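K.L.:
What follows is a predicted protein model with its sequence.
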There are 2 protein chains.
Amino acid sequence: MESKTDLAILGMLTVEPMSGYDMKQFCEQSLAHFWHESFGNLYPRLKRLANNGLIKGNRVPSERGPDAILYSLTTRGRTRLQTWLLEPPEAEHVRSEFMLKFFFGAHAPADVIDQMLLEYEQQQTRIRQHYKIIEETLRSADDEREESFFWLLSLRRGQLLTAARLRWCRECRTKFANHKNKEPLND
Amino acid sequence: MESKTDLAILGMLTVEPMSGYDMKQFCEQSLAHFWHESFGNLYPRLKRLANNGLIKGNRVPSERGPDAILYSLTTRGRTRLQTWLLEPPEAEHVRSEFMLKFFFGAHAPADVIDQMLLEYEQQQTRIRQHYKIIEETLRSADDEREESFFWLLSLRRGQLLTAARLRWCRECRTKFANHKNKEPLND
DNA sequence: AAAACCATGTAATTGGTTACATGATTGG
DNA sequence: CCAATCATGTAACCAATTACATGGTTTT
């Protein structure tokens, strides 16, 4: 009954009270490189959590649009989050269509794979720029929140991984340049 | 109706004819760091694909156990694989429970997160060793298959990413050592 | 003879996506 | 006034996991 989404919600509410809409944005801005949520999942989960007393919601007028439901953590919710943090994380079932395609890339025309790599490189470059902005925001915030220690390290991980992906991309594209004259597998 | 699993199956069958059991092993050995399949998903998919004429299966005696159904690509299957490779990969919905926990790590006792990082580091070290073995196997194979170009580059990506994760892990654990005296957030 | 591995399969469940519907508010 | 953004919600769908069931073969 309890999904990881529930825990993500509880986690986000430790940052500050949020609406479902806020959470979607928080996912896209701050958790994007390791977490994802959709509205169709978020809203029903929020209702359930409120019914179970882990969060509570108040209808409030929004500064920028129609009324929103601002949720905040209850004691039970905070406790649940803390016990979850004590459990070891479950094994992940990764599925990267990009890498699946690349792995079987011998069966595609070379320039198609090359193009795919180019777009991947551009995407990673955009991500790198995004990280830079986040880093400035985090460092310049004189909030001095305890959490910023973990937020900066999470960011750091994203930066190291993006750098590695970019390096791989360039290596690939170089090797590809020599390889390109050959035709795709004649199958 | 068609899932990515179908394409993964078609892809694996370009390597050689395989049974469902073989495919599960292939996923665990060769695609592990970017693809995952379960039996409960694989077997029904294989039947569907065979019914639709994208693959065909023959019951054969196994060298090491009970009879197996050896599947191989049909012309239609190979064509489907090739057209899929031309399409750009879909955006991925990443969900890393490990990172979710880490991001909210300020709400857990420091030594719990430290332990989590330690286990993560050990896991990545094991993966690195696994890659080393695969690399030797791939390089020493005098198959000289066209595909090995892509296989080695896929491996290379795994190695770069694992190195980045290990580096991050060590950075984290160092910073943690200084941070540890502080208590978890008093919430 | 038991344990471990080989091999295939099905049923129940579930967690989540997509698409759709609605409507308020703001900015150009 | 129109488009974009803000905001919440539901219904249909689906892909995949988990758990279960079965039984052959090899190794110890």
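P.N.:
Thanks, I have it.
K.L.:
So residue A:72 belongs to a strand, correct?
P.N.:
Yes: per DSSP: H, G, I helix; E, B strand; the rest coil, residue A:72 lies within a strand segment.
K.L.:
For it, give the beta-bridge partners.
P.N.:
residue A:56 (DSSP bridges).
K.L.:
pretty sure it contacts residue A:50?
P.N.:
No: if you go by Cβ atoms under 8 Å, residue A:72 and residue A:50 don't touch, sitting 10.4 Å apart. Where C-beta positions appear, they are placed from N, C-alpha and C, glycine not excepted.
K.L.:
Report the set of residues contacting both of those two.
P.N.:
Common contacts of residue A:72 and residue A:50 (Cβ atoms under 8 Å, 6 or more residues apart in numbering or on different chains): A:56, A:57.
K.L.:
gap between the two ends of stretch A:104-117?
P.N.:
End-to-end distance of stretch A:104-117 (Cα to Cα, to the nearest Å): 14 Å.
K.L.:
tell me which residues in it are buried?
P.N.:
By neighbour count on 16 or more other Cβ atoms under 10 Å in any protein chain shown, the buried set for stretch A:104-117 is A:104, A:105, A:106, A:107, A:108, A:110, A:112, A:113, A:114, A:116, A:117.
K.L.:
Residue numbers of chain A in contact with DNA strand D?
P.N.:
For chain A, the residues in contact with DNA strand D (Cβ under 7 Å from any atom of the strand) are A:19-22, A:39-40, A:43-44, A:46-47, A:62-69, A:93, A:95.
K.L.:
can you give me phi and psi for the most centrally placed residue in chain A?
P.N.:
Closest to where the C-alpha atoms of chain A average out (Cα atoms, centre = their mean) is residue A:32, at 2.3 Å. The phi and psi values for residue A:32, taken as degrees, to the nearest 10, are phi -40, psi -40.
K.L.:
pLDDT at it, what is it?
P.N.:
pLDDT, residue A:32: 94.
K.L.:
same check, this time on residue A:186
P.N.:
57.
K.L.:
sorry, back to before: so which of the residues of chain A next to DNA strand D reach DNA strand C?
P.N.:
Answer for these near DNA strand C (Cβ under 7 Å from any atom of the strand): A:39, A:40, A:63, A:64, A:65, A:66.
K.L.:
Identify, from these, the entry nearest to residue B:80.
P.N.:
Nearest to residue B:80 among these, counting by Cβ to Cβ, is residue A:40 at 30.0 Å.
K.L.:
Flag the shaky bits of chain A, pLDDT-wise.
P.N.:
A:180-187 (pLDDT under 70).
K.L.:
can you give me the strands for it?
P.N.:
Ranges of strands within chain A are A:55-60, A:68-73, based on DSSP state E.
K.L.:
ok, residues contacting the last one?
P.N.:
Spelled out, that is strand A:68-73. A:9-10, A:13-14, A:17-22, A:46, A:49-50, A:54-60, A:62, A:81.
K.L.:
how near is the nearest residue to residue A:154 once chain neighbours are set aside to residue A:166?
P.N.:
Distances taken as Cβ to Cβ, 6 or more residues apart in numbering or on different chains place residue B:103 nearest to residue A:154, at 4.9 Å, with adjacent residues excluded. Note on residue B:103: its distance to residue A:166, by Cβ to Cβ, to the nearest Å, is 23 Å.
K.L.:
neighbour count winner among those two?
P.N.:
Higher neighbour count among residue B:103 and residue A:166: residue B:103, with 24 against 17, using other Cβ atoms under 10 Å in any protein chain shown.
K.L.:
For the more buried one, give me its contacts.
P.N.:
Contacts of residue B:103 (Cβ under 8 Å, 6+ apart): A:11, A:31, A:34, A:150, A:151, A:154.
K.L.:
Counting neighbours, what do you get for the first one?
P.N.:
Using other Cβ under 10 Å as the criterion, residue A:11 is surrounded by 22 other residues.
K.L.:
show me what contacts it?
P.N.:
By Cβ under 8 Å, 6+ apart, residue A:11 lies in contact with A:81, B:100, B:103, B:104, B:107.
K.L.:
related to what we said a few turns ago, among the strands of chain A, which comes closest to residue B:127?
P.N.:
Closest approach to residue B:127 among the strands of chain A is made by strand A:68-73 (36.0 Å; Cβ to Cβ).
K.L.:
Residue A:18 is in contact with residue A:26, isn't it?
P.N.:
Yes: between residue A:18 and residue A:26 there is a contact at 6.7 Å, judged by Cβ under 8 Å.
K.L.:
Now list whatever residues contact both of the two.
P.N.:
Shared contacts of residue A:18 and residue A:26, defined by Cβ under 8 Å, 6+ apart, comprise residue A:12.
K.L.:
Show me where chain A has its helices.
P.N.:
Counting by DSSP state H, residue ranges of the helices within chain A are A:4-15, A:20-26, A:39-51, A:75-86, A:97-103, A:110-140, A:148-179.
K.L.:
need the residues of chain A near DNA strand C, please.
P.N.:
Counting by Cβ under 7 Å from any atom of the strand, the residues of chain A near DNA strand C are A:1-5, A:36-41, A:63-66.
K.L.:
Apply 6 Å and report the result again.
P.N.:
By Cβ under 6 Å from any atom of the strand, the part of chain A that sits against DNA strand C consists of A:1, A:3-5, A:36-41, A:64-66.
K.L.:
so which of these comes closest to DNA strand C?
P.N.:
Nearest to DNA strand C among these, counting by Cβ to the nearest atom of the strand, is residue A:40 at 2.1 Å.
K.L.:
measure the residue nearest to residue A:58 when sequence neighbours are not counted to residue A:56 for me?
P.N.:
Excluding its sequence neighbours, the residue lying closest to residue A:58 (Cβ to Cβ, 6+ apart) is residue A:70, at 5.3 Å. Distance from residue A:70 to residue A:56, counting by Cβ to Cβ: 9 Å.
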